[in-house]
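Colleague: based on what follows, work out the 3D shape:
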Amino acid sequence: MTDQKAGVKLFRHDEALFRAGPNGIAANGLINAGFSRNLGAGVGVFESCSVPWTPDYDEVLFILDGELRLRVGDKTYVAGRGDVLWIPEGAAVVYDSPGRTTFFYAVCPVRNSISTKEAKNFLESPAFSAGDMPPERQLQQSGQGQLRQYRHARNRPSAGV
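Modeller: Residues are numbered from 1 along each chain as shown. Okay, here's the model as predicted:
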């Protein structure tokens, strides 16, 4: 939901489908160059993968679930649920996920990250397709009356669409 006057955007938890791609990685840039000139942010998942990376942006990771091992040279930082990692621009790191790890991330500057550099709507992310959308979002696209019925059935107050 967007308040056009204030520029505020609400991303519902049930809209953020955490599904890793074939390489075990997904990063969904929710706050991208279309929203901010400076800050990018999103949600992502690593699943049984090891990803060497040298970011050309500052990055903060907040671990939502699972465990992430961040290797920097011969040092390994192990972060779990609720932990925060700060990764400065230019740090050569390896993201290691022994299982499934979901996380929130923020990057600056927004235009340097591949997941946030382009202006796009959340549902346009390559990690999503219409069939992947939660039922409420599918109904929103098919008609307001059906959406109201769905919300009423779920006993959820309307947030306006």
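Colleague: low-confidence bits of the protein, can you list those?
Modeller: In the prediction, the chain carries residues with pLDDT under 70 at positions 1-6, 13-18, 122-161.
Colleague: longest strand anywhere in it?
Modeller: strand 93-108 (DSSP state E).
Colleague: within the sheet, what are the partner strands of that strand, with directions?
Modeller: Strand pairing for strand 93-108, using DSSP bridges, gives strand 40-53 (antiparallel), strand 58-65 (antiparallel), strand 67-72 (antiparallel).
Colleague: which one of those is the most hemmed in?
Modeller: For these, the largest average neighbour count (mean count of other Cβ atoms under 10 Å) is found in strand 40-53, namely a mean of 19. C-beta: built from backbone N, CA, C; applies to glycine.
Colleague: C-alpha coordinates for that strand, CSV please?
Modeller: Taking Å, rounded to 0.1, in the frame of the first residue of the first chain, the C-alpha atoms of strand 40-53 are listed here in CSV:
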residue,chain,number,x,y,z
GLY,A,40,18.2,0.4,-1.0
ALA,A,41,16.6,-2.4,1.1
GLY,A,42,14.9,-5.7,0.6
VAL,A,43,14.5,-9.2,1.8
GLY,A,44,16.3,-12.3,0.6
VAL,A,45,17.1,-15.9,1.1
PHE,A,46,20.3,-18.0,0.8
GLU,A,47,19.7,-21.7,0.7
SER,A,48,22.6,-24.2,1.0
CYS,A,49,25.0,-22.0,-1.0
SER,A,50,28.3,-20.2,-0.9
VAL,A,51,28.6,-16.8,-2.6
PRO,A,52,31.8,-14.9,-3.0
TRP,A,53,31.2,-11.2,-3.3
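Colleague: the chain: strands as residue ranges?
Modeller: Per DSSP E, the chain carries strands over the ranges 2-3, 8-9, 25-31, 40-53, 58-65, 67-72, 75-80, 84-87, 93-108.
Colleague: what's the closest of the ones you listed to Ala119?
Modeller: strand 25-31 (10.0 Å; Cβ to Cβ).
Colleague: pull the residues that contact the closest one.
Modeller: 9, 11, 16, 18-20, 39-47, 49, 51, 105-106, 110, 113-116, 118, 120, 122, 125, 127-128 (Cβ atoms under 8 Å, 6 or more residues apart in numbering).
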